[in-house]
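J.: Below: sequence and its predicted model.
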Amino acid sequence: MALHYNLAKVYALSDNDPEFVMQIITLFITEIPDDLKQIETGIKEKDHKLAYSYAHKIKPTLDLLGMTVAHQEILEVEAWTKREGKKSEIEATFDSIKAQVKEAVKEIKKDFEV
């Protein structure tokens, strides 16, 4: 039973196509962790544009995978980048997103044996 993600939107979007579902979850587990590293680099180096571009990129995926809290938090990251906020203002939020993605990746790998 999925605790850290929800594939209802993915199944609805794909008309229950298992191949499409596998493509989406494969993309999630291979790309999103790397994208988060780019956001982290943007935060650490105060490169708001870098952080924004990757936050914007992963936002729909977090929504698609039913990761509601992480999706709301990535919106906070986007808002932080637009106002060019201080690192300290966003670090806890970003750490929360990172933790949620890590748990979802771990759970997906177990659930789908990938």
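T.: It's in.
J.: separation between the residue of the chain most remote from its centre and residue 28?
T.: Distance from the C-alpha centroid of the chain peaks at residue 15, with 23.2 Å (CA atoms, centre = their mean). Computed as CB to CB, to the nearest Å, the residue 15 to residue 28 distance reads 19 Å. No exception for glycine: its C-beta is placed from N, CA and C like everyone else's.
J.: Same check on residue 94?
T.: Residue 94 is 18 Å from residue 28, by CB to CB.
J.: now swap in residue 10 and tell me
T.: For residue 10, the distance to residue 28 - CB to CB - is 10 Å.
J.: which neighbours do the two share?
T.: Contact criterion CB atoms under 8 Å, 6 or more residues apart in numbering; residues shared by residue 10 and residue 28: residue 65.
J.: tell me which residues in the helix or strand residue 20 falls within are buried?
T.: Residue 20 is part of helix 18-44, with elements assigned from DSSP states H and E. Residues 21, 24-25, 28-29, 32, 35-36, 38-40, 42-43 are the ones in helix 18-44 that count as buried (16 or more other CB atoms under 10 Å).
J.: One more: stretch 83-95?
T.: By neighbour count on 16+ other CB under 10 Å, the buried set for stretch 83-95 is 85, 90, 93-94.
J.: what does stretch 67-82 contact?
T.: Against stretch 67-82 from outside (CB under 8 Å, 6+ apart): 4-6, 39, 42, 48-49, 51-52, 55-56, 58-59, 62-63, 89-90, 93-94, 96-97, 100-101, 104.
J.: List the contacts of residue 6.
T.: Applying CB under 8 Å, 6+ apart, the residues near residue 6 are 65-67.
J.: Leaving out the residues flanking it, which one is nearest to residue 106?
T.: Leaving aside its sequence neighbours, residue 106 sits nearest to residue 4 (CB to CB, 6 or more residues apart in numbering; 8.0 Å).
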